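Q: Got a sequence here, can you model it:
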Amino acid sequence: MSEAARLEQSFDHADKEAFDLADVIGQATEAYQSLDAHHQFDYVGPTSGVSLTGSPELMVQLLDKLVDNARDFTPQDGRIQIELKQAENQACLLVFNEGSALPDNPDTSIFSPFVSVRKGQEEGHLGQGLLIVQLIADFHGGRVEARNEARNDIEGVCFQVTIPVDHV
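A: Numbers count the residues shown, from 1 in each chain. Okay, the predicted model is just below:
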């Protein structure tokens, strides 16, 4: 059984709880930097105050998949920026990495199962990471998008996850 199928089955038993997404994302970003000396990780956003009802563990899994994907496409010593913004009733999580662009082929969805645009060293990759990101975003009532982007004259890719937040 695939990781995505196991994840979907676990949604039936997942308890949703109130948690602070900013705290979860900030702690995870610190952990990524301490575990990966070959990339620069930057967190931009609040340290607290983004209330969400859902699964903090699943949100960490979503971020892990996005960061793993970013690391695969970011050159050594390259930058990965994790950003969290809140606007009205939505939280917006962005993961930007410098490196190669997304393909221009509109017929291929990178969020579909078994799709991978890796070349060379990643042969045999199952292409389920971004599908898992999509499933977790859906579970939280959100959506995920990807686009090519330039930040400060650095070309790369940005994944954006938008999720409804709680009103406090």
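Q: so what's residue 84 up against?
A: With contact taken as Cβ atoms under 8 Å, 6 or more residues apart in numbering, residue 84 is in contact with 21, 22, 25, 43, 44, 45, 46, 50, 91, 92, 93, 94. C-betas here are computed from N, CA, C, even on glycine.
Q: so what's the fifth one bridging to?
A: In this case it means residue 44. residue 83 (DSSP bridges).
Q: Among the contacts of residue 84, which ones are in helices?
A: In helices, judged by DSSP state H, the following of the contacts of residue 84 are found: 21, 22, 25.
Q: what residues does the longest helix along the chain touch?
A: In the chain, assigned by DSSP H, the helix with the most residues is helix 56-73. Residues outside helix 56-73 that contact it (Cβ under 8 Å, 6+ apart) are 7, 14, 17, 19, 21, 24-25, 28, 32, 36, 39, 52, 80, 82, 93, 95-97, 99-100, 118, 122, 129-130, 132-133, 136-137, 139-140, 157, 159, 161.
Q: which among these end up buried?
A: Buried members of those, counted by 16 or more other Cβ atoms under 10 Å: 7, 19, 21, 24-25, 28, 32, 39, 52, 80, 82, 93, 95-97, 99-100, 129-130, 132-133, 136-137, 139-140, 157, 159, 161.
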